[in-house]
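Peer 1: what shape does this take:
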Amino acid sequence: MVFFLWAYAGLIERWGTGTFKMVRLCLEKGLPEPEFREEAGGFVVLLRKDIYTEDYLRKLGLNERQIKAVLYVREKGRISNKEYQGLFGVSKPTASRELDSLVRKGILERVGVTGRGTYYVLKGSKAS
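Peer 2: Coordinates of the predicted model:
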């Protein structure tokens, strides 16, 4: 009976169609996919406003340094190759390779072309 009332009110189109719409809208806005689960006899939808959680970054296949770098950028606003080297004790080629990987995965954006003055920010951030 409740389903029919919601359907008539325009709150439900068909069973299950809203879940696909929620996933699509979250991805379009750069947010992680919502989590759907049954809990205590009910249905729970978990929506996250900050996609850069350790669990989410780990699911993307990032290594520990990259995860820490993304969290660093989230807190500080940016990171340079030199900072990456200093924070994680890696060589310049390793820092460049790992930062480039974050750019290719669509997590960071490079500001500047190459060399001194180039830094990385979260993709879509106001600092970019």
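Peer 1: would you map the helices across the protein?
Peer 2: Taking DSSP state H, the helices of the chain run over residues 2-8, 17-28, 54-59, 64-76, 81-88, 92-104.
Peer 1: looking at those helices, which is closest to R116?
Peer 2: When the helices of the chain are compared by C-beta to C-beta, helix 81-88 sits nearest R116, at 8.6 Å. C-betas here are computed from N, CA, C, even on glycine.
Peer 1: which one of the helices of the chain lies nearest to G117?
Peer 2: G117 lies closest to helix 81-88 among the helices of the chain, at 10.7 Å (C-beta to C-beta).
Peer 1: mind listing what's buried along stretch 20-30?
Peer 2: Of the residues in stretch 20-30, C26 count as buried by neighbour count, 16 or more other C-beta atoms under 10 Å.
Peer 1: looking at the protein, which helix or strand does the model trust least?
Peer 2: helix 2-8 (a mean of 43; mean pLDDT, DSSP states H and E).
Peer 1: who wins for proximity to L122 among the helices of the chain?
Peer 2: L122 sits nearest to helix 64-76 of all the helices of the chain, at 5.6 Å, using C-beta to C-beta.
Peer 1: give me the residues contacting stretch 57-71.
Peer 2: 52, 54, 79, 84, 87-88, 90, 98-99, 101-102, 105, 107-108, 122 (C-beta atoms under 8 Å, 6 or more residues apart in numbering).
Peer 1: M22: which of the residues you listed is nearest?
Peer 2: Y52 (20.0 Å).
Peer 1: isn't the closest one right up against L122?
Peer 2: Yes. Taking C-beta atoms under 8 Å as the definition, Y52 is a contact partner of L122 at 7.2 Å.
Peer 1: pLDDT score assigned to the residue nearest to the spatial centre of the chain?
Peer 2: Relative to the mean C-alpha position of the chain, the nearest C-alpha, by C-alpha atoms, centre = their mean, is the one of I51, at 3.6 Å. What the model reports as pLDDT for I51 is 74.
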